[in-house]
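Peer 1: Provide a 3D model corresponding to the input given below.
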Amino acid sequence: VRASESIEISDGVIAVRSGNDGLKTSSDKKADKGYIDISGGTISVSSGGDAVAALTELRISGGTISTGSRRDLVSAASCKGLKAGAMVDISGGTLDIAADEDGIHSGGELRIRGGDVRVTASTGLQAGLRDSGAGDILLSGGRLFVSAAKQGLKAEGEIYANNELLVLFNSEKQAGFAAG
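Peer 2: Just a heads-up that it's a prediction; the model follows:
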């Protein structure tokens, strides 16, 4: 499902199976577009690329979302679970994210303020572009479980955690946190 301007989902049952990206916005022609906003519904995405990819912002405040992003042997496509160019903001919902690369990736800030979030990926949460010095992860609510082959949380900026947040990591190769 590709939209040039934005995708807004508030209810319903959506199942996407794609050899490429699952849900994606692609327009940068209007400053207030390029986002994906999910406030409800049941969404299942199985993809050979990014499962849910917003050019600008990805906002999730409700619903049940499950993703599986798996690269085949010949594809060079990005295989992230949830991805946004500027910001990922999760304030509610039940998410079960599986990906060959980053489970949740933001080119800028990544916020988890609520919801029940489960991530199984190579890198759990990634904020910021490599060596940019910018890209904070802010964890202030909800429940978070991360099972990562590499890093649980990786921020090019800072990692902030407060409130009553449960964070569990299973990281085989490196420490759970990496910042700056």
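
Peer 1: secondary structure class for the residue nearest to Ala148 when sequence neighbours are not counted?
Peer 2: Once flanking residues are discounted, Ala148 sits nearest to Gly124: 4.1 Å by Cβ to Cβ, 6 or more residues apart in numbering. (Each C-beta comes from the backbone N, C-alpha and C, glycine too.) Secondary structure, DSSP: H, G, I helix; E, B strand; the rest coil: Gly124 is strand.

Peer 1: Check the gap between Gly124 and Gly115 for me.
Peer 2: According to Cβ to Cβ, to the nearest Å, Gly124 stands 15 Å off from Gly115.

Peer 1: now swap in Tyr35 and tell me
Peer 2: 18 Å.

Peer 1: Can you pick out the residue with more neighbours from Gly124 and Gly115?
Peer 2: Using other Cβ atoms under 10 Å as the criterion, Gly124 and Gly115 rank with Gly124 on top: 31 against 20.

Peer 1: Hmm, Val146 and Phe122 touching each other?
Peer 2: Rather than Phe, residue 122 is Ser. No - using Cβ atoms under 8 Å, Ser122 is not in contact with Val146; the gap is 11.3 Å.

Peer 1: who has more neighbours, those two?
Peer 2: Counted by other Cβ under 10 Å, Ser122 and Val146 do not tie: Val146 has more neighbours, with 24 against 17.

Peer 1: Against Gln126, how distant is the more buried one?
Peer 2: Taken as Cβ to Cβ, the span from Val146 to Gln126 is 11 Å.

Peer 1: show me what contacts the residue nearest to Ala148?
Peer 2: With contact set as Cβ atoms under 8 Å, 6 or more residues apart in numbering, Gly124 has these partners: 102-104, 146-148, 151-154, 169, 171.

Peer 1: pLDDT at it, what is it?
Peer 2: pLDDT for Gly124: 84.

Peer 1: Make 876 the starting number, not 1.
Peer 2: Renumbered: residue one is now 876, and that last one reads Gly999.

Peer 1: Which phi and psi values does Arg877 adopt?
Peer 2: phi -120, psi 130 (degrees, to the nearest 10).

Peer 1: Next, count neighbours for Gly1003.
Peer 2: Neighbourhood size, Gly1003 [other Cβ under 10 Å]: 24.

Peer 1: give the contact list for the nearest residue to it once chain neighbours are set aside.
Peer 2: Computed as Cβ to Cβ, 6+ apart, the closest residue to Gly1003 that is not its neighbour in sequence is Gly1010, at 1.7 Å. Counting by Cβ under 8 Å, 6+ apart, Gly1010 makes contact with 981-985, 1002-1004, 1030-1032.
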